[in-house]
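S.K.: Got a predicted structure plus its sequence, pasted below:
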Amino acid sequence: MNDQFTITATVTGTESLTGTISFYDYRTQIFAGDIPVFNGQVQATNYGYVYGLGIHQFLAKYNGDTNNLPSTSSVLTQVVTGTMPVTIQGATGGDVHTLQVTLGVQ
């Protein structure tokens, strides 16, 4: 799961918007820094962020500017499905056992 994805946020305000937006998955910031707002919108592409299968909860935080207060979007829940290799290793006495399986998430 090392695919490209694009995320977009649109902010509306009473006056010309400036400021930045941060994108998160749970509490982890997706991009290295905040992204400047241009014409009330931010669009960013990321390669390889979503490595893990399972449930991701994305949200955007607008950091505000001199005319507009900060705000946080509602959460967008995205379920990433697919398969991935998993190595299971165990030991009995001095013997080490390794099993390679393919895990499917739906």
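M.R.: Structure received.
S.K.: measure the nearest residue to residue 70 once chain neighbours are set aside to residue 22 for me?
M.R.: Nearest non-adjacent residue to residue 70, counting by CB to CB, 6 or more residues apart in numbering: residue 64, 3.8 Å away. Glycine gets a C-beta too; all of them are placed from N, C-alpha and C. Between residue 64 and residue 22 the computed distance is 12 Å (CB to CB, to the nearest Å).
S.K.: Residue 15 now?
M.R.: 21 Å.
S.K.: and the most centrally placed residue in the chain, bridged to which residues?
M.R.: Of all residues in the chain, the one closest to the mean position by CA atoms, centre = their mean is residue 25, 4.0 Å from it. Listed by DSSP bridges, the beta-bridge partners for residue 25 are residue 28, residue 58.
S.K.: Hmm, it is touching residue 56, no?
M.R.: Yes - look at residue 25 against residue 56 with CB atoms under 8 Å: they come within range, at 5.0 Å.
S.K.: so who does residue 56 touch?
M.R.: When contacts are counted by CB atoms under 8 Å, 6 or more residues apart in numbering, residue 56 touches 25-26, 50, 77-80.
S.K.: any chance of the residues you listed in CSV, with distance to residue 32 and secondary structure too?
M.R.: What follows is those, written out as CSV (distance: CB to CB, whole Å; DSSP: H, G, I helix; E, B strand; the rest coil):
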residue, distance to residue 32, secondary structure
25, 14, strand
26, 17, coil
50, 16, coil
77, 24, strand
78, 21, strand
79, 26, strand
80, 22, strand
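S.K.: least trustworthy position among those residues, going by pLDDT?
M.R.: For the contacts of residue 56, the weakest pLDDT value sits at residue 50, with 58.
S.K.: Low-confidence ranges, the chain, go.
M.R.: 1-3, 47-52, 84, 102-106 (pLDDT under 70).
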